[in-house]
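J.: the sequence isn't on hand, but the structure is:
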């Protein structure tokens, strides 16, 4: 079993989610029944600016879709990846080139070489985690539907 | 302090670091945080049918399952959700869905993954209500069923067909006390791409967590030890989140769902796919929702789960030893006894003890069993288990009454079998009362054998 602990640290996940504003979703689908669309829609609802990166679409979720990360004309806080694991090295390289705040690879998008390359280039990595689930776990309402958030806290937090 | 930790501490002092909380902490806290609106420390009872939407877009997002949102209490309720998450957490599951009873939970767990023409393999050593449910409900759904002796691994293996969709068993069989060898049974199920469903009611997650041994779905009658006080009927289904529903055997979960505008539950929600379908389709359509007040009572009970189970086990052991030494009792089924053939399985799966429900045979068959029940005052004669109070029943005339002789034998029930659910009272009082019951058995047998 590959050890992914470093890329799934709860403190890193919370910091990435709490400090980001702009999220480029690489592989965002225009089909509203696909997981990536669910995630993009959710992130936008929660106040993030979502930038689609998909060469096969012109516009997704009402936003211009760019063919690659290198075409995105603004600063990207999180590069969120919905692509096959072998696409990750190329995306990691681009994430470093555009100076992204972090690289977040979804469930099953695991490529250790890509993760190392990104971190060597100064881009922290979260891997094999769903950004929607983690947001819902720490900030959102995942606990309203009986899911195991694994959170234990007696702190009174803000409204959801 | 690592660089990461320092940054977070500066940004957000309340960031939550990784920590493995103990069972006793989680039975008190899991699923609940202080209410953000009021600060209430106890779990609020959200006694409401429905929830006001912020705007039409939010309402649509909730119904489309694009956002976690409350719509209607038949499908979700914030008090019930605390109960669900607490069970999921204690069982080590991805999540849970609560139902109005254990039987409703079981029906829903199976309904979600079955289609007409499918087949289920089940242990034959089950609660009588479950035997009825599997036998008749599945028949009406045009699903075939094969009973197997749960102790016989070859029987499980031999019963699998191409259309088999589930293995079903109880951690500790009701009432005969069979202990399921979870790990190899799960392995056989998985060899064939089939999930193992385990009813963990008698063990509770404090004594056994079937998911840790490979089970995929865990079901509880929360009415019993989880609630623990005999106040409320309810049930819950927890799922591990690790079963591959896209393995080709489960188009009902993996394919676009005609019951949810073409949504592919497993692809879209991944490890939460089965649970989403269980809630958004099965609970929506079968409707057996748990009431928020019952969820609240279950949560109160679960706060002391470990404490009660320890005491239940200690008392059960004493009662079982007492019965084993009694001349009017035989076949004491408590798997915690040194003489039990399940002893190695107890050591492996139930190191804290095999619960507090078991049966034994009273001398004199049916008349002896009934005489014992007539002779006790402290033990409550009723059809339930898992109350803090001690309970006694004669299965052949009650819980297992609808079963034929063969089915009774398969479930380990004889004409003189009495089932006990040992409570948390002073154990000497329980023994004293049973002794009085046996005195009545002796008197009855004497009268019967005396010449007319």
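T.: Cool, got the structure. In this text, all values refer to a predicted model and were calculated from it rather than measured experimentally.

J.: least confident secondary structure element in chain B?
T.: Lowest on mean pLDDT, DSSP states H and E among the helices and strands of chain B sits helix B:3-11, with a mean of 44.

J.: can you pull the contacts of whichever residue of chain A sits closest to chain B?
T.: Taking CB to the nearest CB as the measure, chain A has residue A:146 as its residue closest to chain B, at 3.0 Å. Every C-beta, even on glycine, is put in place using the N, C-alpha and C of the backbone. Listed by CB atoms under 8 Å, 6 or more residues apart in numbering or on different chains, the contact partners of residue A:146 are B:76, B:80-81, B:84-85, B:88, B:95-98, B:275, B:279.

J.: now with 7 Å, please.
T.: Contact analysis of residue A:146 by CB atoms under 7 Å, 6 or more residues apart in numbering or on different chains lists B:81, B:84-85, B:88, B:95-97.

J.: likewise for residue B:363?
T.: B:328, B:441, B:445.

J.: which elements pack onto the helix or strand harbouring residue B:346?
T.: Using DSSP states H and E, the secondary-structure element containing residue B:346 is helix B:343-349. In terms of contact count using 3 or more CB pairs under 7 Å, 6 or more residues apart in numbering or on different chains; DSSP states H and E, helix B:343-349 is assigned no packing partners among helices or strands.

J.: contacts for it, please.
T.: Residues contacting helix B:343-349 (CB under 7 Å, 6+ apart): B:179, B:181-182, B:208, B:213, B:335-336, B:354.

J.: and which of those residues is nearest residue B:45?
T.: Distances from those to residue B:45 were compared by CB to CB; the smallest belongs to residue B:208, at 30.3 Å.

J.: count of residues packed around the closest one?
T.: Other residues within reach of residue B:208, judged by other CB atoms under 10 Å in any protein chain shown, total 30.

J.: hmm, back to that, most neighbours, which of the contacts of residue B:363?
T.: Once you tally neighbours by other CB under 10 Å, residue B:441 ends up highest among the contacts of residue B:363, having 25 neighbours.

J.: residues contacting that one?
T.: With contact taken as CB under 7 Å, 6+ apart, residue B:441 is in contact with B:328, B:362-364, B:368, B:371-372, B:375.

J.: re the thing from before, quick check: the residue of chain A closest to chain B vs residue B:88, distance?
T.: Spatial separation of residue A:146 from residue B:88 under the definition CB to CB, to the nearest Å is 7 Å.

J.: could you do residue B:337 as well?
T.: With the distance defined as CB to CB, residue B:337 ends up 33 Å from residue B:88.

J.: who has more neighbours, those two?
T.: Neighbours per residue, other CB under 10 Å: of residue B:337 and residue B:88, the larger number sits with residue B:88, 31 against 19.

J.: would you format the contacts of residue A:146 as a markdown table with distance to residue A:107 and secondary structure included?
T.: What follows is those, written out as a markdown table (distance: CB to CB, whole Å; DSSP: H, G, I helix; E, B strand; the rest coil):
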| residue | distance to residue A:107 | secondary structure |
| --- | --- | --- |
| B:81 | 23 | helix |
| B:84 | 22 | helix |
| B:85 | 21 | helix |
| B:88 | 19 | helix |
| B:95 | 15 | strand |
| B:96 | 20 | strand |
| B:97 | 21 | strand |
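
J.: now pLDDT and distance to residue B:130 too, for those, in a markdown table please.
T.: Written out in a markdown table, the entries for these read as follows (pLDDT from 0 to 100; distance: CB to CB, whole Å):
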| residue | pLDDT | distance to residue B:130 |
| --- | --- | --- |
| B:81 | 98 | 26 |
| B:84 | 98 | 22 |
| B:85 | 98 | 26 |
| B:88 | 98 | 22 |
| B:95 | 98 | 23 |
| B:96 | 98 | 19 |
| B:97 | 98 | 18 |
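
J.: so which of these also contact chain A?
T.: Near chain A, taking CB under 7 Å from any CB of the partner chain as the test, the members of the contacts of residue A:146 found are B:81, B:84-85, B:88, B:95-97.
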